[in-house]
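Asks: what follows is a predicted protein model with its sequence.
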Amino acid sequence: MSELQQPRVLIIGAGMSGLLMGIRLLQSGNTNFRIFEKGPKVGGTWRDNTYPNLACDVFAVAYTFSFEPNPDWNYRFARGDEIQKYFERCERKYGLSSFIRFSSAVADARWEDGRWKLRTADGEEDEGDVLVSAAGALHHPRYPEIPGLGDFAGPCFHTARWDHTVDLRGKRVGVIGTGSTASQVVPGIVDKVERVHLFQRTPQWVMPTPDQKVSQAERARRHRNPWLLRLQHRLGLFFMQVFSRAVLGNRLLLRYIEAQCRANLAAIRDPELRRKLTPDYPPACKRLVISEDFAAAIQRENAELVTDSIARIEPGGVRTADGRLVELDVLVLATGFEPYKLDFKVTGTGGRNLASRMEGSPLTYRTVGVPGFPNFFMLFGPYSPIANMSIIENSEIQVEYVMQCVDLLRRGVLRSMSPREDVSIALKEAMRLAVRDTVWAGGCNSWYLDADGQPIVYPFRFSQFRRELASPVLSEFDTA
Ligand code: NAP
């Protein structure tokens, strides 16, 4: 054990969960850690995504660390830039900056002689007792494999790499994709552009949850009454837990969600447009889109929903299968992400490669560990609870678990712990059985599915997740 008998912890990524890991280590008195961040600042998702109308569709009061409530949210659903500022404020307030190596991409980490040896792309080296991947689940833009994509003559960019040098005013803009992102982008640009053409491959269920500005008086009340903010935080989380029962198969709640989504569709005036926007799979099978303004935006005179499939991209626009050329000046790819992809190499015991554990059908242990990778933890990795919930609460539970493991090392109870393969396989089997009863197995295609078409989402109640990660069960590990 190194410096001050505190285990050295190497953290990859300074997004929400990497910051949280750093804060909790500092709070426990451990200053023996470093966060490697490949970008120039903290924030992860909220740093990378800056597209118009970006907001978090989880209640803002619940989208904070539990120990750092924010009385200053301006909207019921916080805007992307205020969330980014919140995380930057946390970085400053908790004194994390000097622990973060910015613009420092991890190239590889390997378990050798009972420690993690890490190397960055710049050739810097570090060694630690514990390695934590907080690299983010939806981090690598998915660029669609559409013939001719590189031939487009105008600006073409992914929503997570928004090009703010491009002035959209008076332009004909194409948006490919109809997920949560596109449903925010279209209302965000429709007022500015000459025309927006939304290319839909699959319709999405949209639940219209009203947003509103938080009044000055309400913000002042939250400042004066910290208990009120805490209560609102708890209520926000409670609401999401009720919602999560729907995706786990609660028919009554699902019927409620479907009724809301159908009412949203019923308000579409043109029956043909309504038909095109109506999905043929159960609501929330793909991630439910929460949007109050998408339906209005797509009905605007200068908006068009294009449902003919895309044949190819040409310099002048998008050619659809029926031979039409949709002429465009700008093309926006709202085509999602390659989930859980890692751009660094992690080598565990016996030369095991983490990528081969993650590709295809991932094998993980209770959402945080991977067999064959001692003292290695993932935050928000495959099988973590997702859907329309605050992933911050999820990360807090995972980080508390990792903190307990770090403490086992500090107290000398063990030097290394690696999840047992047989236990991990049995747990995965149990999840695969349980996931059949969830809405994610409802026959749709989504980023929740692995290469076998199986949802890699935690299929049990959140209370069970909390119990499972309450403390490490040492009999489920190979320890040394
Ligand atoms: P997404 O949900 O994966 O949607 C990608 C869209 O692109 C889909 O409509 C997909 O069509 C379409 N697409 C992909 N490849 C295509 C191709 N080759 N041709 C035509 N269409 C293609 O991605 P996203 O909208 O970026 O959202 C990803 C996740 O980010 C969400 O599920 C959510 O977890 C998170 N998110 C959250 C918020 C929030 O407010 N909290 C906001 C935005 C995003 P198919 O459906 O046919 O595959």
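Replies: Done, it's in.
Asks: and the closest residue to residue 28 other than its chain neighbours, how far from residue 377?
Replies: The shortest distance from residue 28 to any non-neighbouring residue, by CB to CB, 6 or more residues apart in numbering, is to residue 403 (6.4 Å). Heads up, the C-betas are built off the backbone N, CA and C, glycines and all. Using CB to CB, to the nearest Å, we find residue 403 at a distance of 10 Å from residue 377.
Asks: residue 410 too?
Replies: 15 Å.
Asks: and for residue 278?
Replies: For residue 278, the distance to residue 377 - CB to CB - is 42 Å.
Asks: these two: which has the busier surroundings?
Replies: Comparing residue 278 with residue 377 by other CB atoms under 10 Å, the one with more neighbours is residue 377, at 25 against 13.
Asks: so what does the helix or strand containing that one touch, helix or strand wise?
Replies: Per DSSP states H and E, residue 377 falls inside strand 376-378. Contacts defined by 3 or more CB pairs under 8 Å, 6 or more residues apart in numbering; DSSP states H and E place strand 376-378 against strand 130-133, helix 391-410.
Asks: next, count neighbours for the residue of the stretch 51-200 of the chain found nearest the ligand.
Replies: Going by CB to the nearest ligand atom, the ligand is nearest to residue 179 of the stretch 51-200 of the chain, at 2.3 Å. Per other CB under 10 Å, the neighbour tally for residue 179 reads 20.
Asks: ok, now how distant is the closest residue in space to it that isn't next to it in sequence from residue 184?
Replies: Nearest non-adjacent residue to residue 179, counting by CB to CB, 6+ apart: residue 336, 5.8 Å away. Going from residue 336 to residue 184 by CB to CB gives 13 Å.
Asks: and residue 290, by the same measure?
Replies: Note on residue 290: its distance to residue 184, by CB to CB, is 9 Å.
Asks: so for these two, which sits in the more crowded spot?
Replies: Using other CB under 10 Å, the more surrounded residue of residue 290 and residue 184 is residue 184, with 27 against 20.
Asks: select the helix or strand of the chain having the lowest average pLDDT value.
Replies: Least confident element among the helices and strands of the chain, by mean pLDDT, DSSP states H and E: helix 226-247 (a mean of 89).
Asks: ranges for the helices of the stretch 201-350 of the chain?
Replies: Listed in chain order, the helices of the stretch 201-350 of the chain (DSSP state H, counting those that start in this stretch) span 216-224, 226-247, 251-266, 271-276, 294-298.
Asks: what's near enough to touch the residue lying closest to residue 141 once chain neighbours are set aside?
Replies: Take residue 141 and drop its neighbours on the chain: the residue closest to it by CB to CB, 6+ apart is residue 158, 4.1 Å away. By CB atoms under 8 Å, 6 or more residues apart in numbering, the contact set of residue 158 is 141, 143, 332, 333, 334, 335.
Asks: I figured the last one hits residue 144, correct?
Replies: In this case it means residue 335. Yes. The pair residue 335 / residue 144 is scored as a contact, 4.7 Å apart, by CB atoms under 8 Å.
Asks: thank you, goodbye.
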